[in-house]
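K.L.:
can't give you the sequence, but here's the structure:
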């Protein structure tokens with residue numbers, strides 16, 4: 001077989017969805033997964049996760065993807081059980097694919113990088129006139145402007161919060177209607193996604209491009225960048241990933 005793309009060799013599989021679900025479960029950004037696997041562009045990961053018209057990892061890269069996602073090639077391709085042509089679960093697992101190493105034939109249990117005890121309620125902080133409250137926490141570390149909405153997420157940051165995503169400058173990674181997961185306790189590095197508050201009160205979800213000559217911020221689908229001096233920024237917090245709207249619950 002000369003075709004290297006697994007999407008063409010295994011029809012109607014859900015490798016795209018499983019890659020996305022595992023990445024999100026581990027709290028990895030597309031950029032982080034790309035770096036772990038050794039691909040240059042995060043858009044490659046985006047294609048792996050795109051169920052309609054996307055491309056799956058090539059055979060020589062599948063093992064690296066599985067290792068980065070702390071699972072096995074078999075699980076990525078077939079899941080815990082195979083799916084038949086009508087989309088129902090079979091009672092017997094699908095046969096192992098050919099041309100995989102002997103080591104990969106022995107399925108390993110899925111491992112999560114966080115302890116269950118680290119999962120807790122992370123609340124949504126409401127936006128007013130497009131921005132967040134000037135002060136995020138009270139003296140008792142209770143988030144100002146916290147709503148009744150929350151998501152159960154794994155984090156060791158006591159100040160973590162969720163912020164509604166507005167605008168389209170960070171599409172396709174961050175879409176309006178979803179939520180940005182913010183961890184103020186994590187140091188921000190170049191190429192990180194960040195939530196930035198300016199002294200003017202404006203709050204923006206951007207990508208940190210550079211710190212040379214100021215704070216340079218960029219977007220994913222808009223040309224150009226924005227340059228601010230440190231004194232123009234009130235705070236800049238790390239955003240590890242987005243949280244889809246369907247994961248948001250309401251406190252009663």
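P.N.:
Now that the structure is in, tell me what you want to look at. Being a predicted model, the structure only gives us computed values, none of them experimental.
K.L.:
Low-confidence bits of the stretch 1-150 of the chain, can you list those?
P.N.:
Residues of the stretch 1-150 of the chain that meet the criterion pLDDT under 70 lie in 1-13, 53, 60, 80-118, 127-146.
K.L.:
80 instead?
P.N.:
1-14, 51-54, 58-60, 73-74, 77-118, 126-147 (pLDDT under 80).
K.L.:
Going by residue numbers, what spans are strands in it?
P.N.:
Applying DSSP state E, counting those that start in this stretch to the stretch 1-150 of the chain gives strands spanning 119-125, 146-154.
K.L.:
Could you check how far the last one is from the centre of its chain?
P.N.:
A distance of 17 Å separates the centroid of the chain from that of strand 146-154, by Cα atoms, centre = their mean, to the nearest Å.
K.L.:
now the shortest one
P.N.:
Strand 119-125 has its C-alpha centroid displaced from the chain centroid by 16 Å (Cα atoms, centre = their mean).
K.L.:
So for that strand, what gets flagged as buried?
P.N.:
Neighbour counts over strand 119-125 (16 or more other Cβ atoms under 10 Å) mark 122, 123, 124, 125 as buried. (C-beta placed from N, C-alpha, C; glycine too.)
K.L.:
so where do the helices sit in this structure?
P.N.:
Using DSSP state H, the helices of the chain run over 6-9, 15-25, 30-37, 42-49, 59-68, 73-78.
K.L.:
among those helices, which is the most enclosed?
P.N.:
Compared across those, helix 73-78 shows the largest average neighbour count, a mean of 22 (mean count of other Cβ atoms under 10 Å).
K.L.:
related to what we said a few turns ago, can you tell me which of the buried residues of strand 119-125 comes closest to residue 183?
P.N.:
residue 122 (9.4 Å; Cβ to Cβ).
K.L.:
From residue 193, how far off is the closest one?
P.N.:
17 Å (Cβ to Cβ, to the nearest Å).
K.L.:
Not counting sequence-adjacent ones, nearest residue to residue 224?
P.N.:
residue 218 (7.8 Å; Cβ to Cβ, 6 or more residues apart in numbering).
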